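J.: Build me a model:
(2 chains)
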Amino acid sequence: MPNGVLIFGETTEDGKLAGITAELSGAAAALGGPVTCALLGAGIEGIAADAGQYGAAKVIVVDDPLLKDYQGDAYLPVAERIVSDVDPAVILLGQTMIGRDLAPRLAQRLGTAVAMDCVAVSMENDKLLAERPCYGGAARARYTINGTPQIATVRVKALEAPAASGSAEVVKQDAGLTADQIRTTITGRKKEEAEGIRLEDATVVVGGGRGIGGPEGFQQLEELAGILVGAVGTSRAVCDLGWYPVATQIGLTGKIVTPDLYIAIGISGASQHMAGISSVKNIASINKDADASIFKSSRWAVVNDWKEFVPLFLEEVKKVKAG
Amino acid sequence: MPNIICFAKQVPDPETPASQFKVDEAANKIVPAPGVQPVPSQFDTIAVEGALRIKDNHPDSIITIVSLGPDPFRDTIKHCLAMGADEGIHINDPAVNDADHWATAEVLAAAVQKLGDYDLILAGRQSVDWDIGVVGSTVAEILGLPVVTIAKQIDYAGDKVTVERVLMDGFETVEAPTPCVVTVSNELGEPRYPQLRQIMQAAKKEVKAWTLADLGIEAPQNRVNLEALYIPDTSVETEVIEGETAQEKAAILAQRLSDAKLI
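T.: A predicted model of the protein is given here:
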């Protein structure tokens, strides 16, 4: 009889526990647990105990050089074996670069299905209710899954991470992998975004739209983002016009971001863009058009030309931060 | 001579204003906005663009579009043919009109097997209606093929492809042996827009219509149930920052953000 919730924790490039691990632990405990956390990687044994601080009863750590960089062919057989050992009723993964690749393949191998990119999960009569945005965030869908285990990926920062407390039993397992099982080869890696905080990790994102008027305006947005220890994002129009790197595009055909604060500057609020910020609770918008649709989703609306407003706002933010 | 298969689906136009977006909550279905034509799903046309860039370097490539859906999906296939794809397969069978993503993957995999001779399968990283993103990987698993997801560049070299896979802060270069599946992201670039001459040429290209019987399969069972579909209440109480001057407004906004502990 399948029982409990298995989560796949994640680590950061610099060898720490990724925030999604605590978020998944909290969600899994809320589903009723007991929670088992699987942690796959290389040189991660030292942080396995950390993964047990958020509600897991047990941490299964698989530490192998072949698991250093995520490759589906390496992670899948290990994940499959852990699922078979743990026999969970529910599996949760993060909607991350790993979870997006791993979850559908794992679901297919297990003959079940996954609800991707969920922003809420709950249990009702042993059925997982998985809520996810669709149609670019314009609608919400609630799914149940016929197969076992029931799998969902959870959007990063959509659910609250519990505070660290307690500890879990840590069990080491061998990967049992050989290099010839991995059909793909990673031959290189390149960082593209500007120095600083990643858009997906930023607690403050300063978004610039077509209203910025040209590439030079983004210097001021960068300055503002710098003071707020945040990152700069863009609308599709900005990237199409070549004003700013496409890696910063937020929206339906870009990235989904979940900062605590989104400052939208010169952004009208097309549904294409709103899809990328549909989970953001605090939006402050600056637009000279009083009818800009983004104001409807904003907690604070400033009707003003951004060119006049932003330099003044910069100074005010500095004052406030200086206390 | 690579044979490339691209999956393509049709969606309600995602540029439809939110105010026209309606849901029939009883039927769990989207109500199409009046007068708004459905369009090819953008990630799928970007995948076709990826295939065409391979064809630019390997002119003897054959690009086959495979699409599963009701009658209007033929327009999406025609659009891809006008972009420069060579052949179209329209799987049109009422038995799978309500196929979920898993059933869709089963049907597409059966179509790939029927086509038989292929080197590369490209799919959008997700559709732009349901935003799920499982079909490409699932087809790869059904067929036992390697898969690289979320690509921004694809170079074909006979027995392998070299793919730039998008990461959070850049990209990694991944080699995969062919045949394989690659899912394509927007970072690849804008899909080319068909010229009139190409649209007229595409009109003459044949779109084969297949049913499940042609594939030799029964309708696969859905694995997920859509229990509810609704428009979430995202309205917030908006404070319009009032001030005589921009200076005043700037000071008030900074104070509000500070009071809310956001800066």
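
J.: Nearest residue to A:D87 in space, please, no chain neighbours.
T.: Distances taken as CB to CB, 6 or more residues apart in numbering or on different chains put A:P2 closest to A:D87, at 5.0 Å, once the chain neighbours are dropped. The way it works is simple: take the backbone N, C-alpha and C, and place the C-beta from them, glycine included.

J.: Look up how far A:V86 lies from the one you found.
T.: Counting by CB to CB, to the nearest Å, the gap from A:P2 to A:V86 is 9 Å.

J.: Could you pull up phi and psi at A:W243?
T.: phi -80, psi -30 (degrees, to the nearest 10).

J.: you'd agree it is up against A:G209?
T.: No - between A:W243 and A:G209 there is no contact under CB atoms under 8 Å: 10.0 Å.

J.: Overlap in contacts, the two.
T.: Here A:W243 and A:G209 share the contacting residues A:T234, scored by CB atoms under 8 Å, 6 or more residues apart in numbering or on different chains.

J.: ok, the two, which is more surrounded?
T.: A:G209 (27 against 20; other CB atoms under 10 Å in any protein chain shown).

J.: Next, the contact list for that one, please.
T.: A:234-235, A:237-238, A:264-268, A:273.

J.: ok, 10 Å please
T.: Applying CB atoms under 10 Å, 6 or more residues apart in numbering or on different chains to A:G209 gives the contacts A:233-238, A:243, A:250, A:264-270, A:273, A:285, A:287, A:292, A:294, A:306.

J.: before we move on, what about A:R299?
T.: So A:R299 contacts A:261-262, A:280-285, B:236-239, B:256-257, B:260, B:262 (CB under 10 Å, 6+ apart).

J.: quick one: the helices in chain B?
T.: B:42-57, B:73-83, B:101-115, B:135-143, B:196-204, B:212-215, B:246-259 (DSSP state H).

J.: what stretches of chain A score poorly on pLDDT?
T.: Chain A contains residues with pLDDT under 70 at A:192-196.

J.: Just give me the residue right at the centre of it.
T.: A:V156 (2.9 Å; CA atoms, centre = their mean).

J.: any shared contact partners between A:P2 and A:V86?
T.: Contacts common to A:P2 and A:V86, judged by CB under 10 Å, 6+ apart, are A:P149.

J.: Would you mind telling me which of these two has more residues around it?
T.: A:V86 (19 against 14).

J.: Look up how far B:D117 lies from that one.
T.: 41 Å.

J.: A:D126 too?
T.: With CB to CB as the criterion, A:D126 and B:D117 are 46 Å apart.

J.: Repeat that for A:G94.
T.: A:G94 is 38 Å from B:D117, by CB to CB.

J.: of those two, who's got more company?
T.: Counted by other CB under 10 Å, A:G94 and B:D117 do not tie: A:G94 has more neighbours, with 24 against 10.

J.: Pretty sure A:E200 is one of the things the more buried one touches, is it not?
T.: No - using CB atoms under 10 Å, A:G94 is not in contact with A:E200; the gap is 11.1 Å.

J.: any common contacting residues for the two?
T.: A:V156.

J.: still on that earlier bit, chain B next: which of the contacts of A:G209 are close?
T.: When contact is defined as CB under 10 Å from any CB of the partner chain, the contacts of A:G209 meet chain B at A:236, A:269-270, A:285, A:306.

J.: which one of those sits closest to chain B?
T.: Proximity of the ones next to chain B among the contacts of A:G209 to chain B (CB to the nearest CB) peaks at A:A270, which lies at 7.2 Å.

J.: can you pull the contacts of residue 219?
T.: In the absence of a named chain, this looks at chain A. A:V232.

J.: meant chain B, my bad for not saying
T.: Here B:A219 is in contact with B:93-99, B:103, B:106-107, B:212 (criterion: CB under 10 Å, 6+ apart).

J.: What backbone torsions are found at it?
T.: phi -60, psi 120.

J.: And it, what's its pLDDT?
T.: Looking at B:A219, its pLDDT stands at 97.

J.: where does it sit relative to B:L108, distance-wise?
T.: B:A219 is 14 Å from B:L108, by CB to CB.

J.: List the buried residues of stretch A:139-149.
T.: Neighbour counts over stretch A:139-149 (16 or more other CB atoms under 10 Å in any protein chain shown) mark A:139-145, A:147, A:149 as buried.

J.: restrict these to contacts with chain B.
T.: A:139-145, A:147.

J.: Quickly check those residues for the two that are furthest apart.
T.: Using CB to CB, these span at most 24.5 Å, a distance reached by A:A139 and A:G147.

J.: circling back: can you list residues touching both of B:A219 and B:L108?
T.: Common neighbours of B:A219 and B:L108 (CB under 10 Å, 6+ apart) are B:A99.
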